[in-house]
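[1] Just the structure for this:
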Amino acid sequence: MTITVRFVTSPEDLALCHEVRQIVFTDEQGYPADIDIDEIDSECLHWLAYDEAAKKPVGTCRLYQKTPQIGKVGRVAVVNSLRGRGIGRDLMVAVEAKMREDPAVEKIALSSQEPRQGFYLKLGYVAEGDVYLEDGQPHVYMEKSLKTAP
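    The predicted model follows:
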């Protein structure tokens with residue numbers, strides 16, 4: 001199995017990102033389909049994890065510029081059968097590398113589903129504040145400084 005992570009530059013790849021999000025967030029986790037592609041989706045940068053051997057998408061994430069100093073990651077998703085193999089980490093590393101290219105960006109923020117908080121803690125993110133409900137599910141706001149070594 002060869003998984004590649006690529007920055008999305010085509011409508012075809014973006015459609016594959018949306019396919020993964022449908023599988024993970026709507027089909028598996030029960031989020032309403034109509035909230036996935038929101039008003040900022042077209043403004044976001046997107047990444048796609050793709051299984052080259054199977055010729056299918058297996059993961060995705062997106063990022064938008066919350067402020068000139070903060071990029072916010074969202075819609076991080078890896079298909080259930082391939083979780084725990086480093087695909088989510090590879091997606092996050094790709095996002096961080098892209099954000100480090102802009103000297104104005106100081107940190108990356110995200111809203112983690114509470115049960116997935118440990119994944120982000122291992123990547124150097126720090127929880128900020130209390131658990132809150134987002135779309136009916138417990139989440140925690142997290143940040144990572146980009147002014148330290150990767």
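[2] Now the helix or strand where Val131 lies: buried residues?
    Using DSSP states H and E, Val131 falls within strand 126-134. The neighbour-count check on strand 126-134 (16 or more other Cβ atoms under 10 Å) flags nothing as buried. (Glycine included, C-beta is placed from N, CA and C.)
[3] moving C-terminal of that strand, what's the next helix or strand?
    As assigned by DSSP H and E, the chain's next helix or strand after strand 126-134 is strand 137-145.
[4] The strand holding Val131 vs strand 137-145, what angle?
    Angle, strand 126-134 to strand 137-145, by axes from the mean of the first three to the mean of the last three Cα atoms, to 10 degrees: 150 degrees.
[5] what secondary structure does the residue nearest to Pro68 when sequence neighbours are not counted sit in?
    In this structure, Pro68 finds its nearest non-sequential neighbour in Ala104, 5.2 Å apart by Cβ to Cβ, 6 or more residues apart in numbering. Using DSSP: H, G, I helix; E, B strand; the rest coil, the structure places Ala104 in coil.
[6] tell me the pLDDT at Ala104?
    Per-residue pLDDT puts Ala104 at 92.
[7] and the helix ranked longest in the chain, what does it pack onto?
    Of all the segments of type helix in the chain, defined by DSSP state H, the longest one is helix 87-100. Helix 87-100 is packed against strand 3-7, strand 45-51, strand 56-67, strand 70-78, strand 107-113, with contacts defined by 3 or more Cβ pairs under 8 Å, 6 or more residues apart in numbering; DSSP states H and E.
[8] Report the angle between the first one and strand 45-51.
    Regarding strand 3-7 and strand 45-51, their directions subtend 160 degrees when assessed with the same axes, to 10 degrees.
[9] Fine, thanks again, bye for now.
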